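Chemist: Predicted model follows, preceded by the sequence.
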Amino acid sequence: MNGAFYIGATGLLAQQGAVDIVGHNIANVNTVAFKRGIADFATLVASAPSAVRATSSAPSGDPVDQGVMLVSGLRTFSQGELRETGNAMDLAIRGEGFVELQSAGGEPLLWRGGTLHVDDDGHLAVASGETLKATIAVPSDATGITIDAEGRIRATVPDRTESVELGQLELVLAADVRALRPRGEGIFEADENAALTRLKPGEERAGAMVQGFLERSNVQLSDEMVNLLIFQRAYAANARVVQAGDELMGIVNGLRR
């Protein structure tokens, strides 16, 4: 079989996957705390077939290029722009940290911020329903909640001249962000390879809590449009490789002895 077919086909699949990643980034340009995906490529190699070894000076068994593949699951976790909302229940993180959430299955869930609410049990929870790992209970008669830069949460209650402290938020750092899988709503699942470290806000690179702000996605439309053009041109080039291989096979099949 003509190697151009296989190499061109792997290129088409890889470039199509890259276009899908760009499209997903563009669709989430306004999603709170969204982290853009990255299209990265790797060369596929295989042991050289006997026909290649016979006409090559390479030692027997040396690998040869057999196309390209898309490396999926890569993301950039750079800080998105913080946008002021004026809503006291909006929370953002200025830094690299995450807030840990309670999960039904026990797996670590990390949250980059968004809008909080008080659930039916009186606990602070995120938009998707998960409660904070710190389990912050809010009094039913509370009239206001404040969260300072160090993660201390206070509430204003009737008949009290001073606000009541409800709890303290911690931030989590992942040593390997490649081990974080997005679940949507600014939430990521962490597997055992993430090597999580729990810190107080303000320590190392964890960052600080910012109340009344939301983190925008880190997608830059201009960069995505440039990448889209590049991947579309690469797709067309790989399609041309397959076409050329088909034309060569047509010539061979048309030869008369």
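Modeler: It's in.

Chemist: wait, doesn't A137 sit right on L166?
Modeler: Yes: between A137 and L166 there is a contact at 6.7 Å, judged by C-beta atoms under 8 Å. Any C-beta I mention is one placed from the backbone N, CA and C, and that applies to glycine too.

Chemist: The residue lying closest to S140 once chain neighbours are set aside - how many residues pack around it?
Modeler: Take S140 and drop its neighbours on the chain: the residue closest to it by C-beta to C-beta, 6 or more residues apart in numbering is G122, 6.4 Å away. A total of 13 residues lie near G122 under the criterion other C-beta atoms under 10 Å.

Chemist: what does the one 4 residues further on give?
Modeler: By the other C-beta under 10 Å criterion, the neighbourhood of V126 contains 22 residues.

Chemist: Distance-wise, check it relative to V242.
Modeler: From V126 over to V242 the distance is 47 Å, taken as C-beta to C-beta, to the nearest Å.

Chemist: One more: L110?
Modeler: 42 Å.

Chemist: How about L214?
Modeler: According to C-beta to C-beta, L214 and V242 sit 46 Å apart.

Chemist: Name the residue in these two with the higher neighbour count.
Modeler: L214 (21 against 18).

Chemist: ok, that one touching I93?
Modeler: No: counting by C-beta under 8 Å, L214 stays clear of I93, with 10.6 Å between them.

Chemist: Find residues that contact each of these two.
Modeler: Residues touching both L214 and I93 (C-beta atoms under 8 Å, 6 or more residues apart in numbering) are G113.

Chemist: List the buried residues in stretch 35-47.
Modeler: For stretch 35-47, the neighbour count (16 or more other C-beta atoms under 10 Å) marks K35, R36, G37, A39, L44 as buried.

Chemist: now swap in stretch 209-220 and tell me
Modeler: By neighbour count on 16+ other C-beta under 10 Å, the buried set for stretch 209-220 is M209, V210, Q211, G212, F213, L214, E215, R216, S217, N218, V219.

Chemist: again with stretch 244-257
Modeler: By 16+ other C-beta under 10 Å, the buried positions in stretch 244-257 come out as G245.

Chemist: Strands along the stretch 151-257 of the chain, start to end?
Modeler: Here the stretch 151-257 of the chain has its strands, by DSSP state E, counting those that start in this stretch, at 152-156, 164-168, 171-174, 180-184, 187-190, 196-199, 208-211, 213-215.
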